[in-house]
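Enquirer: Got a predicted structure plus its sequence, pasted below:
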Amino acid sequence: MAIKHPKKKGYTFEKEMEQVHLSLGIQAERQPMSGALKGKYKSDLQIAGMFAECKRRKKSFTSLYKALAQDDSDLLFVRDDEQPPLAVLPWKTWKLFLSWSNIAENYPATINKENENE
């Protein structure tokens, strides 16, 4: 079922990404007001000390999915002219990097009282 309200759609995706990292045993926390407070609360999520933005669209990323599907690639590097390159990883590759890095040992998941009530 599609979520029609953009703020609810964004919040739902942020919570999904937070919960999936927590389930992998990795520290993850949704930032208050989706990063609108800036400073230490910038971005949508903080995962193992890294700041992450969450973007969910109905079809805007189709070209990225198609590029990754080409030859069943594990990584995709993209760059707009006069911009630095970006690395795009499918979920399976991200999970592999997380396991290689042993990040859960350095940033173990913790239960936060705010998350218990949601």
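Expert: Great, that's in hand. This is a predicted model, so every value here is computed, not measured. Numbers count the residues shown, from 1 in each chain.
Enquirer: quick one: the helices in this protein?
Expert: For the chain, helices defined by DSSP state H occupy the ranges 6-23, 62-69, 91-101, 103-106, 113-116.
Enquirer: so where is the protein shaky, pLDDT-wise?
Expert: In the predicted model of the chain, residues 1-4, 33-36, 38, 111-118 satisfy pLDDT under 70.
Enquirer: I'd like to know which of the helices of the chain lies nearest to residue 82.
Expert: Of all the helices of the chain, it is helix 62-69 that lies closest to residue 82, at 19.7 Å by CB to CB. C-betas here are computed from N, CA, C, even on glycine.
Enquirer: List the buried residues of that closest one.
Expert: residue 68 (16 or more other CB atoms under 10 Å).
Enquirer: likewise stretch 8-25?
Expert: By neighbour count, with 16+ other CB under 10 Å as the criterion, the buried positions of stretch 8-25 are 10-11, 13-14, 17-18, 21-22, 24.
Enquirer: Dump those to CSV, plus distance to residue 78.
Expert: Shown next, in CSV, are the buried residues of stretch 8-25 (distance: CB to CB, whole Å):
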residue, distance to residue 78
10, 22
11, 27
13, 21
14, 23
17, 20
18, 25
21, 23
22, 29
24, 26
